[in-house]
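Participant: Build me a model:
(one chain, ligands or ions: 1)
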Amino acid sequence: MYIVMIASECAPVAKVGGLADVVYGLTRELEVRGNDVEIILPKYNCMRYDHIYGLEQVYDDLWVPYYNRKVHCSVYFGFVHGRKCFFIDPHFEKNFFNRGIFYGSDDDPERFAFFCRAAMEYMFQSGKNPDIIHCHDWQTGLVPVLLYEIYQQQGMTHPRVCYTLHNMKHQGTAGEYVLRETGLNRAEYFYHPDRMLDTFNPFAVNLMKAGIVYSNFVTTVSPRYSEEIKYSAQGNGLGHTLYVHGDKIGGVLNGVDYEVWNPETDIHIPYNYGAKDLDVKYGNKEVLRHRLLLRQDYKPIIAYIGRLDSQKGVDLIRHAIFYALEHNCQFVLLGSSPDHDINYHFWHLKHHLNDHPDCHLEIGFSEELAHLIYAGADMIVVPSLFEPCGLTQLIAMKYGTVPIVRETGGLADTVFDADYSDKPYDERNGYVFNDYSREGLESAMHRAIELWYAHPDYFRGLIVNGMNCDYSWNHPGGHYRNIYEHILDR
Ligand code: ADP
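Facilitator: Predicted coordinates for the structure are as follows:
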């Protein structure tokens, strides 16, 4: 099968969060299964170019409609750790992708609407005729609309579209200008509740809604999340649309790429280990302490790795830091936020705790340090308000780091409480709390810390259960393949 992924992120070259890991990991799995997969991305100037092999310009005559004119673009090709990636580079006074950031500009909807039109135009002009186009999140929600409203009429009738919702909090709303920008026009037609009209703003189109309505199949990144967004406020206004299109929606749990995230082979950690030689893990703990200037002591390290976003429960993350320090633990945080207030808050906290021998807060993004923390920590906290899937708890388990999570979305689908789960003992792999509150978090942290100190053998059992879980792309890869076949048959 010939599949083209169109996305705004791909690990490790353009990564903000889990979307990037999914685009890379799913592509690799599909290739292993014998499919021909290509990825189309914007050519950001802030990509990790050191991870792109053989980058070269392969198309220089791409003219992309933009309002009443055409914008000249070049297309580059390169391998990202073996994956075939095309990068679209507009030559344009607006410098859409040369701003040193992936997201966060006021004109993000305009930038990514342009990217959708450019990706489709490139496929059309270069004669690509995939079986499946797989797009992701609001940034590429216009792809199926452009396919069905423009390119099908021009003969591109073969491809079917699968659309994956990674996070319903960000939906991409914009004024009628995106319709004129991309050549869709016909505002009276698209400003309709059954098409692209936003639920809350009668003057806006909603790009994620467009993707849901126009795709042949829609997936969410965990089964629990696909229910939560239909039946709770987590749908952020799209619950009704999801309900109406319910027969083409399914939850497929994300996988983790164990080629990248595997303590037995990881090149970013000094000591490789597996469930059978777990003691070796603790060499990494020493190195982590040394690197972050924490004292060597008989204490567990609790970590947080992730975006510092209200979704992630920043108030509870803060509380976890102090709770850990007051209960004989060390704490390591690696995170960053585009939100000025949250960033400022954590910088302030960092200064406050700067000389603490048991705490290190690293405000920023570092793929390499993330690997060392997963390997060196004993536990990881993920107290999210909501969590579509969550990769950090899955990666942590593979590294023998016990997750302490809130029972929501993909966290609820993957972490089973040591004391209260109805799973058999050898499938229990962490600690879970239900209430989004300090007390809720404390109840789980307390039990985890106590087990670490009082019953190290049992704690080790939990670690091994987590390491034995199979959250690879194997199962999800099969599910996606079935979905593709299902929509191709129709
Ligand atoms: P989300 O997609 O909501 O950001 P996920 O848990 O699905 O959250 O995925 C997060 C991914 O991003 C993981 O691979 C995690 O290790 C990585 N990550 C998040 N923040 C950082 C950071 N500051 N430095 C390095 N890696 C990070």
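Participant: Give me the below-cutoff pLDDT ranges for the chain.
Facilitator: For the chain, applying pLDDT under 70 flags no range at all.
Participant: Would you map out the domains in it?
Facilitator: As given by automatic domain parsing, the domain ranges for the chain are 2-255+474-488, 275-468.
Participant: Mind putting those domains into TSV with mean neighbour count and distance to the ligand?
Facilitator: C-beta here means a position set from N, CA and C on the backbone, and glycine is covered the same way. Shown next, in TSV, are the domains of the chain (neighbours: other C-beta atoms under 10 Å; distance: least, C-beta to the nearest ligand atom, whole Å):
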stretch	mean neighbour count	distance to the ligand
domain 2-255+474-488	19	2
domain 275-468	19	4
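Participant: between those domains, which gets nearest to residue 268?
Facilitator: domain 275-468 (3.7 Å; C-beta to C-beta).
Participant: State the distance spanning the first to the last residue of that closest one.
Facilitator: End-to-end distance for domain 275-468, by C-alpha to C-alpha, to the nearest Å: 8 Å.
Participant: Using CSV, list the CA coordinates for stretch 40-51.
Facilitator: Output of stretch 40-51 as CSV, limited to C-alpha atoms (Å, rounded to 0.1, in the frame of the first residue of the first chain):
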residue,chain,number,x,y,z
ILE,A,40,5.4,15.6,3.8
LEU,A,41,6.4,18.4,6.2
PRO,A,42,7.0,22.1,6.2
LYS,A,43,10.7,23.0,5.8
TYR,A,44,11.1,24.8,9.1
ASN,A,45,14.4,26.7,9.6
CYS,A,46,14.5,25.4,13.2
MET,A,47,14.5,21.7,12.3
ARG,A,48,17.3,19.4,13.6
TYR,A,49,19.1,19.3,10.2
ASP,A,50,21.7,17.1,11.7
HIS,A,51,19.1,14.3,11.7
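Participant: my read: residue 122 touches residue 76, true?
Facilitator: No - Residue 122 is beyond contact range of residue 76, at 11.2 Å (criterion: C-beta atoms under 8 Å).
Participant: so what strands line up beside the lengthiest strand in the chain?
Facilitator: Looking across the chain with DSSP state E, the single longest strand is strand 52-66. Applying DSSP bridges, strand 52-66 is found paired with strand 69-80 (antiparallel).
Participant: what residues does the strand it pairs with touch?
Facilitator: 10, 12-13, 24, 39, 43, 51-60, 62-64, 84-92, 114, 118, 122, 126 (C-beta atoms under 8 Å, 6 or more residues apart in numbering).
Participant: cool, and stretch 415-423?
Facilitator: For stretch 415-423, using C-beta under 8 Å, 6+ apart, the contacting residues are 393, 403, 405, 427-432, 444, 447-448, 451, 458, 462.
Participant: one step back: can you tell me which of the domains of the chain is nearest to residue 261?
Facilitator: domain 275-468 (4.9 Å).
Participant: Make CSV from the domains of the chain and add distance to residue 267 to it.
Facilitator: What follows is the domains of the chain, written out as CSV (distance: least, C-beta to C-beta, whole Å):
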stretch, distance to residue 267
domain 2-255+474-488, 12
domain 275-468, 9
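Participant: now the angle between strand 69-80 and the strand or helix carrying residue 112, please.
Facilitator: Element membership for residue 112 (DSSP states H and E) is helix 108-125. On the basis of axes from the mean of the first three to the mean of the last three C-alpha atoms, to 10 degrees, helix 108-125 is oriented at 80 degrees to strand 69-80.
Participant: From residue 440, how far out is the nearest residue to residue 387 once chain neighbours are set aside?
Facilitator: Residue nearest to residue 387 in three dimensions, not counting chain neighbours: residue 409, with 4.1 Å by C-beta to C-beta, 6 or more residues apart in numbering. As judged by C-beta to C-beta, to the nearest Å, residue 409 and residue 440 stand 16 Å apart.
Participant: on that earlier part again, following the helix holding residue 112, which helix or strand shows up next?
Facilitator: That would be, after helix 108-125 and using DSSP H and E, strand 132-136.
Participant: Following the chain past that following strand, name the next helix or strand.
Facilitator: helix 142-146.
Participant: got the contact list for that next one?
Facilitator: By C-beta under 8 Å, 6+ apart, helix 142-146 touches 6, 112-113, 116-117, 119-120, 133, 135, 161, 163, 178, 182, 184, 190, 196, 207, 210-211, 214-216.
Participant: quick one, what contacts residue 458?
Facilitator: So residue 458 contacts 418, 451 (C-beta under 8 Å, 6+ apart).
Participant: about what we covered before: quick check, nearest of the contacts of stretch 415-423 to residue 366?
Facilitator: residue 393 (19.4 Å).
Participant: quick one, what contacts that closest one?
Facilitator: 380, 382, 403, 405, 411, 414-415, 430.
Participant: Restricted to strands, list those.
Facilitator: Filtering the contacts of residue 393 for strands - DSSP E - leaves 380, 382, 403, 405.
Participant: Redo the residues you listed as CSV? Include distance to residue 149.
Facilitator: Formatted as CSV, these follow (distance: C-beta to C-beta, whole Å):
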residue, distance to residue 149
380, 45
382, 40
403, 44
405, 42
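Participant: Out of those, which comes closest to residue 314?
Facilitator: residue 382 (12.4 Å).
Participant: roughly how far apart are the closest one and residue 255?
Facilitator: 17 Å.
Participant: Equivalent analysis for residue 120, please.
Facilitator: 28 Å.
Participant: now swap in residue 479 and tell me
Facilitator: Distance from residue 479 to residue 255, by C-beta to C-beta: 10 Å.
Participant: try residue 451
Facilitator: Distance from residue 451 to residue 255, by C-beta to C-beta: 28 Å.
Participant: How much space separates residue 458 from residue 300?
Facilitator: 14 Å.
Participant: just residue 220 next, same as before
Facilitator: Taken as C-beta to C-beta, the span from residue 220 to residue 300 is 34 Å.
Participant: swap in residue 239?
Facilitator: From residue 239 across to residue 300, the span is 40 Å (C-beta to C-beta).
Participant: Next: residue 123.
Facilitator: For residue 123 relative to residue 300 (C-beta to C-beta), the value is 51 Å.
Participant: again with residue 181
Facilitator: For residue 181, the distance to residue 300 - C-beta to C-beta - is 53 Å.
Participant: Return every residue with contacts to both of residue 122 and residue 76.
Facilitator: Joint contacts of residue 122 and residue 76 (C-beta under 8 Å, 6+ apart) are residue 86.
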